[in-house]
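J.: here is a sequence together with a model predicted from it:
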Amino acid sequence: MPITYEDSAPGLRLIKLSGRMDIAGTGQIEVPFASLACTDTHNVVVDLTGVEFLASIGIRCLISNAKAQHNRGGKLVLFVGDNAQVAKTLETTGIDALIPMFAAYDEALLAVA
């Protein structure tokens, strides 16, 4: 499962995930994602527009890293764009109430500003 990141502005990191966040995919990115997402110097936008499938283990990964970033005084938000399947999964499970989720990239940026 590919993972890329960009420090796009001072204090802001964009992490882009793509592929399947199932057992295999999440297992591949869990440690690098935690390393990138749980930072003292950045707020984080996680781009899920390229995620094809989101299983419970992927949701757990997102929640645990959002909680860790919050404990460090930072913010982690999700950008889903027009990825209706991932958005529906997050809404159905109630994760969108725990981690802010945005369809518009600009709104995600404002949320971590």
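T.: Yes, it's here.
J.: so where do the strands sit in this structure?
T.: For the chain, the strands defined by DSSP state E cover 3-9, 12-21, 43-54, 76-79, 101-102.
J.: so can I have a markdown table of those strands showing mean pLDDT, mean neighbour count and distance to residue 89?
T.: Every residue, glycine included, has its C-beta placed from N, CA and C. Below are the strands of the chain laid out as a markdown table (pLDDT from 0 to 100; neighbours: other C-beta atoms under 10 Å; distance: least, C-beta to C-beta, whole Å):
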| stretch | mean pLDDT | mean neighbour count | distance to residue 89 |
| --- | --- | --- | --- |
| strand 3-9 | 91 | 14 | 19 |
| strand 12-21 | 96 | 20 | 10 |
| strand 43-54 | 96 | 20 | 5 |
| strand 76-79 | 97 | 23 | 11 |
| strand 101-102 | 98 | 20 | 11 |
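J.: how about these in a markdown table, adding distance to residue 70?
T.: Output for the strands of the chain, formatted as a markdown table (distance: least, C-beta to C-beta, whole Å):
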| stretch | distance to residue 70 |
| --- | --- |
| strand 3-9 | 19 |
| strand 12-21 | 15 |
| strand 43-54 | 11 |
| strand 76-79 | 7 |
| strand 101-102 | 15 |
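J.: do you know which of the ones you listed lies nearest residue 87?
T.: Across the strands of the chain, residue 87 has its closest neighbour in strand 101-102 (6.9 Å, C-beta to C-beta).
J.: neighbouring strands - and their directions - for the closest one?
T.: strand 76-79 (parallel) (DSSP bridges).
J.: next, the contact list for residue 11, please.
T.: For residue 11, the contact set (C-beta atoms under 8 Å, 6 or more residues apart in numbering) comprises 41-43.
J.: tell me the pLDDT of it.
T.: For residue 11, the pLDDT comes out at 88.
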